[in-house]
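Enquirer: what follows is a predicted protein model with its sequence.
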Number of protein chains: 2
Amino acid sequence: MCELLGMSANVPTDICFSFTGLVKRGGETGPHKDGWGITFYEGKGCRSFKDPHPSCESKIAELVKAYPIKSEAVISHIRQANRGGVSLENTHPFSREIWGRNWTYAHNGQLTGYKTLETGDAIPVGATDSEKAFCWILHQLRQKYRRKPANKLAVFKFIAQCCDQLRAKGVFNMLLTDGDYVMAYCSNNLHWITRRAPFGEARLIDEDVVIDFQKETTPNDVVTVIATRPLTDGEVWHKMQPGEFAVFKQGEKLL
Amino acid sequence: MCELLGMSANVPTDICFSFTGLVKRGGETGPHKDGWGITFYEGKGCRSFKDPHPSCESKIAELVKAYPIKSEAVISHIRQANRGGVSLENTHPFSREIWGRNWTYAHNGQLTGYKTLETGDAIPVGATDSEKAFCWILHQLRQKYRRKPANKLAVFKFIAQCCDQLRAKGVFNMLLTDGDYVMAYCSNNLHWITRRAPFGEARLIDEDVVIDFQKETTPNDVVTVIATRPLTDGEVWHKMQPGEFAVFKQGEKLL
């Protein structure tokens, strides 16, 4: 299994605090030593930092922790390999273009019977069930919608149906974003929290770090964090239900 | 105009020395202050570091200079914006999947009449002539070859013809790689050098750094560096001719 981390915010926000907790699970407080990655959106553009080495000892993870890249949408993943070896091409998140936007995806879980999934022109580069499932979702979307669809609600429902089909093949916890919307699908393990005024304090579970969000935010900030397991003590995280699909935009839960 | 840098090597090699020269041109010894990026291949996987800020003052560029990521194929670019604003989505290199491989591309020059180029399902995310031309090349390749072609020589010839068509629209200096082959097309400004035993010393033009390649290499290493302008003194760089297309693999010039 792996660990997922996502963020949606209404102002460019750094994710250093949550990422600090996550990377500890990459070989230190957790067994997820087979690489890690994080993708930040800045407008329509995005940039990823990836490493097939454990996050707890990665120089690039050090940079990401220390250098506050501010973003309104972030997806991160630390990996414990099951399908596909430890290599850069098997390291999440995966990003591909559809309808003129970069879509970014990360998966936690394991699928069986995934090799027969049709992916059309979206051919996997690596050998993971995860990337294959992502390519299949993109192919499904391209087949259903030749051009960028105007009815976003219909697209979300369709993506949720695709996720249901993948969950029937095993465990499928997923984060997916086009930079505007951050989508989360729960198979068995996904939690989220929305922070807004009045902000309080929180303590990381995985490292002895306390943050006073009041000092880091303005009263209008709305920031949602989604994670496999809660990252903090002293706050209430919402546990998602099996088969539940959630959509966040600018920190607010839309669906 | 922008500056291009590419590398092809027969052993995983770090590009710190050449990159150190290049980043100086990003706002210090050159006017290319509108962002930079670099993509490293490790097997089929690749990772990019990008920043829409000047490379000479970028913390991420500092990391790339200091952290020797070893790779057999690298493409880098520093930007002086002409078409498209300064933003992450307009920052080179651009990477997209075709035939199950990540292809990475960077362009130096300026095109006119590019907006009518047909790109099919490969839709640009940003607003540059460069990304539009890349999407057009990929669309041309997908239309000509439904599946990964076995005859690589024919593919190279076809890509060279595509580049000729783009050069007819303005200035088109390009680097393109699938991780195995590093392709270079010259419109007016591209140089390359192949270093092999016996290795000598070289001095960066843009910064007071001397390297003794003999200390950094083994006798079997073959490393080609391609750049807009020569990066070093005391070595002979080959100047490419207008319309010339070159292909390198594992450091050796194939075409």
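Expert: Great, that's in hand.

Enquirer: for chain B, what's the nearest residue on the stretch 51-200 of chain A?
Expert: A:L88 (2.8 Å; Cβ to the nearest Cβ). Just so you know, the C-beta spots here come from the backbone N, C-alpha and C atoms, and that holds for glycine as well.

Enquirer: since we're on the closest residue to that residue other than its chain neighbours, how many residues are nearby?
Expert: Using Cβ to Cβ, 6 or more residues apart in numbering or on different chains and skipping residues adjacent in sequence, the residue nearest A:L88 is B:G45, 2.8 Å away. By other Cβ atoms under 10 Å in any protein chain shown, 19 other residues sit near B:G45.

Enquirer: which residues does B:G45 contact?
Expert: With contacts defined as Cβ atoms under 8 Å, 6 or more residues apart in numbering or on different chains, the neighbours of B:G45 are A:P52, A:S87, A:L88, A:E89, A:N90, A:T91, A:V125, A:G126, B:N102.

Enquirer: what pairs with the host helix or strand of A:C46, parallel or antiparallel?
Expert: When elements are defined using DSSP states H and E, A:C46 is found to belong to strand A:45-51. For strand A:45-51, sheet partners with direction are given as strand A:36-42 (antiparallel), following DSSP bridges.

Enquirer: can I get the strand it pairs with in PDB? Just the C-alpha atoms.
Expert: Coordinates of each C-alpha in strand A:36-42 appear next as PDB, following Å, rounded to 0.1, in the frame of the first residue of the first chain:
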ATOM      1  CA  TRP A  36       7.700   9.500  -3.800                       C
ATOM      2  CA  GLY A  37       6.400  12.300  -5.800                       C
ATOM      3  CA  ILE A  38       4.500  15.600  -5.600                       C
ATOM      4  CA  THR A  39       2.800  17.800  -8.200                       C
ATOM      5  CA  PHE A  40       2.000  21.400  -7.700                       C
ATOM      6  CA  TYR A  41      -0.300  23.400  -9.900                       C
ATOM      7  CA  GLU A  42       0.300  27.100 -10.600                       C
END
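
Enquirer: return the distance of that strand from the chain's centre.
Expert: 9 Å (Cα atoms, centre = their mean, to the nearest Å).

Enquirer: longest single strand anywhere in chain A?
Expert: Looking across chain A with DSSP state E, the single longest strand is strand A:3-13.

Enquirer: need the next SSE after that strand, C-terminal direction.
Expert: Heading C-terminal from strand A:3-13 (DSSP H and E), you reach helix A:16-24.

Enquirer: that following helix versus strand A:36-42: what angle between them?
Expert: Here helix A:16-24 points in a direction 160 degrees away from that of strand A:36-42 (axes from the mean of the first three to the mean of the last three Cα atoms, to 10 degrees).

Enquirer: next, the angle strand A:3-13 makes with helix A:16-24.
Expert: 160 degrees.

Enquirer: what residues does helix A:16-24 touch?
Expert: Residues contacting helix A:16-24 (Cβ under 8 Å, 6+ apart): A:3, A:5, A:7, A:30, A:36, A:38, A:55-56, A:58, A:61, A:64-66, A:68, A:76, A:78, A:204-207, A:209, A:211, A:225, A:227, A:231-232.

Enquirer: quick one: buried ones out of those?
Expert: If you count burial by 16 or more other Cβ atoms under 10 Å in any protein chain shown, the buried members of these come out as A:3, A:5, A:7, A:30, A:36, A:38, A:55-56, A:58, A:61, A:64-65, A:76, A:78, A:204-207, A:211, A:225, A:227, A:231-232.

Enquirer: of those residues, which belong to helices?
Expert: A:A61, A:V64, A:K65 (DSSP state H).

Enquirer: so is stretch A:109-128 next to chain B?
Expert: Yes: with Cβ under 8 Å from any Cβ of the partner chain as the criterion, chain B is reached by stretch A:109-128 at A:D121, A:A122, A:I123, A:P124, A:V125, A:G126.

Enquirer: which helices and strands sit right next to the helix or strand A:F134 falls within?
Expert: Per DSSP H and E, A:F134 falls inside helix A:129-144. With contacts taken as 3 or more Cβ pairs under 8 Å, 6 or more residues apart in numbering or on different chains; DSSP states H and E, helix A:129-144 sits against strand A:94-98, strand A:101-108, helix A:152-167.

Enquirer: could the ones in helices among the buried ones among the contacts of helix A:16-24 go into JSON lines alongside pLDDT?
Expert: Shown next, in JSON lines, are those (pLDDT from 0 to 100):
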{"residue": "A:A61", "pLDDT": "89"}
{"residue": "A:V64", "pLDDT": "88"}
{"residue": "A:K65", "pLDDT": "85"}
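
Enquirer: look up how far A:C135 lies from A:I78.
Expert: 22 Å (Cβ to Cβ, to the nearest Å).

Enquirer: would you agree A:T177 is in contact with A:M7?
Expert: No: at 9.5 Å, A:T177 does not count as touching A:M7 under the criterion of Cβ atoms under 8 Å.

Enquirer: what sits in contact with each of those two?
Expert: In contact with both A:T177 and A:M7: A:A73, using Cβ under 8 Å, 6+ apart.

Enquirer: surely A:R79 is in contact with A:G30?
Expert: No: the criterion here is Cβ under 8 Å, and A:R79 misses it with A:G30 at 10.9 Å.

Enquirer: coming back round to it: for the helix holding A:F134, which positions count as buried?
Expert: Buried residues in helix A:129-144 (16+ other Cβ under 10 Å): A:129-142.

Enquirer: what sits against the nearest residue to A:F199 once chain neighbours are set aside?
Expert: Once flanking residues are discounted, A:F199 sits nearest to A:F213: 3.7 Å by Cβ to Cβ, 6+ apart. A:F213 sits next to A:R195, A:F199, A:G200, A:E201, A:A202 when contact means Cβ under 8 Å, 6+ apart.

Enquirer: who in the stretch 51-200 of chain A is up against chain B?
Expert: By the rule Cβ under 8 Å from any Cβ, the part of the stretch 51-200 of chain A lying against chain B is A:51-52, A:59-60, A:63, A:67, A:87-91, A:96-102, A:121-126, A:142.

Enquirer: any low-confidence regions in chain A?
Expert: Within chain A, the stretches with pLDDT under 70 are A:1.

Enquirer: pull up the gap between the residue nearest to A:L88 and B:F134, please.
Expert: For B:G45 relative to B:F134 (Cβ to Cβ), the value is 20 Å.

Enquirer: and A:D221, by the same measure?
Expert: 37 Å.

Enquirer: and A:V209, by the same measure?
Expert: 42 Å.

Enquirer: ok, now A:T13?
Expert: Applying Cβ to Cβ to A:T13 and B:F134 gives a distance of 32 Å.

Enquirer: with A:P31 instead?
Expert: 40 Å.

Enquirer: and A:K152, by the same measure?
Expert: For A:K152, the distance to B:F134 - Cβ to Cβ - is 28 Å.
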